[in-house]
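> structure here, sequence nowhere to be found:
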């Protein structure tokens, strides 16, 4: 009997001690404890939800129609590369939801059929062939763009280091995101909402119009430049802008670039993106590396365009446009853009996570301050202490020793409950 009693006491004491050890990281006491104590304890306990510790609540809409548009752009670029590799001279362009290839030939039609079964032949003549996506394929692209957006956002937030984020689909094309503890709302929005479509295009510096376009403009003058030169540039060209910093004044400026619309290479072929320090300006930059197919294409592009400028573009913003001095083997490049270290890390993050198949449109965002949650916690703790004291006093007053034993058992139960919740890193809301 005494032996059984001893083992029961030992079991209760051990369980209580373990519960306290697991629960301590959830309390304010943990931060003031000696470091050598912390080495023997769990890193974290219970996690406060968005309503208690504050954070960001976001709702995004996945733009499925634009996913279809982006997919067609990529298909057109892929077909263009394949035809070039096979030595066939053909013009491949996307118009609305159609892909038009000029001229028409049986060999070209066979290549298109082999390379992309999703396209159907809509119109045909001697001068051209016109392809469209099937309705089934369009619906599939829209559906997969939502699933892919969820997965990509999860990857980005995991690297952002947010504890217990909530990421879920709402309705047919909306995504709800809750990020507890995040204070920099704009950084979170930029990280999540960036489409991260990386493109490489050749600048059209040989066109006389390029010399007329101001190289440096004020950030507010983008629309003005587009309106002024839109009618003068050829249909196969476009004007894009890049953000830069004036090295002398430190002011933010914009650079205008005239370039070919044709995308020669995309970020789909990336295998690596990491932060480096630019050797020339000693500033953060992002180094990227391509897979075997990307290496081959990059070598072909640089070899065919020596002494021309190659624009590195992310989401229609030009980050850099270096001159190609010689054919580049190895499939490596560097993105420069007057980054802070934080911006460079975020850019490398989104490039590693992959581009979104569809842009995200922000519908709603709200920042929840921690003060309201702190008030709720303080009120809850106060109510719990007062309630516990009243229960303990009543139990002892009414039941005497039995009441005291019951109170002690209740306290042990609460300690063990807190320990178990902390052990599983439960989220409190």
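Yes, it's here. Source: prediction; values computed, not measured.
> what is the burial count for residue 206?
9 (other C-beta atoms under 10 Å). Placement of C-beta: from N, CA and C, glycine included.
> just checking, it is part of a strand?
No: looking at residue 206 with DSSP: H, G, I helix; E, B strand; the rest coil, it is coil, so not inside a strand.
> phi and psi next, for it.
Here is the backbone geometry of residue 206 (degrees, to the nearest 10): phi -70, psi -20.
> now it: how far from residue 392?
Separation of residue 206 from residue 392 (C-beta to C-beta, to the nearest Å): 87 Å.
> does residue 41 touch residue 27 like I think?
No: counting by C-beta atoms under 8 Å, residue 41 does not reach residue 27; the two are 11.3 Å apart.
> now residue 269: closest residue in space that isn't a chain neighbour?
Closest residue to residue 269 apart from its sequence neighbours, by C-beta to C-beta, 6 or more residues apart in numbering: residue 294 at 3.2 Å.
> by contact count, what packs against whichever strand or helix holds residue 367?
Using DSSP states H and E, residue 367 sits in strand 360-368. With contacts defined as 3 or more C-beta pairs under 8 Å, 6 or more residues apart in numbering; DSSP states H and E, strand 360-368 has these neighbours: strand 55-62, helix 185-193.
> can you lay out these as CSV showing mean pLDDT, distance to residue 150 and mean neighbour count?
Converted to CSV, the helices and strands packed on strand 360-368 look like this (pLDDT from 0 to 100; distance: least, C-beta to C-beta, whole Å; neighbours: other C-beta atoms under 10 Å):
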stretch, mean pLDDT, distance to residue 150, mean neighbour count
strand 55-62, 88, 9, 22
helix 185-193, 82, 11, 18
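> quick one: the helices in the stretch 101-250 of the chain, in order.
Secondary structure of the stretch 101-250 of the chain by DSSP state H, counting those that start in this stretch: the helices cover 106-115, 135-160, 185-193, 208-212, 222-229.
> just so I know, which of those lies nearest residue 96?
helix 135-160 (12.9 Å; C-beta to C-beta).
> and the closest one, what does it pack against?
strand 55-62, helix 64-85, strand 166-170, strand 174-180, helix 185-193, helix 341-353.
> could those go into a markdown table alongside distance to residue 267?
Output for the helices and strands packed on helix 135-160, formatted as a markdown table (distance: least, C-beta to C-beta, whole Å):
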| stretch | distance to residue 267 |
| --- | --- |
| strand 55-62 | 19 |
| helix 64-85 | 11 |
| strand 166-170 | 23 |
| strand 174-180 | 22 |
| helix 185-193 | 16 |
| helix 341-353 | 6 |
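> before we move on, which element is residue 94 in?
Assigned by DSSP H and E, residue 94 belongs to strand 91-95.
> please apply the same query to residue 395.
Residue 395 belongs to helix 370-399, assigned by DSSP H and E.
> and the following helix or strand past that helix, what does it pack against?
For helix 370-399, the following helix or strand on the C-terminal side (DSSP H and E) is helix 401-423. Contacts defined by 3+ C-beta pairs under 8 Å, 6+ apart place helix 401-423 against helix 2-23, helix 370-399.
> what does helix 401-423 contact?
Helix 401-423 has contacts (C-beta atoms under 8 Å, 6 or more residues apart in numbering) with 12, 15-16, 18-23, 25-26, 42, 45-46, 391-392, 394-397, 399, 428.
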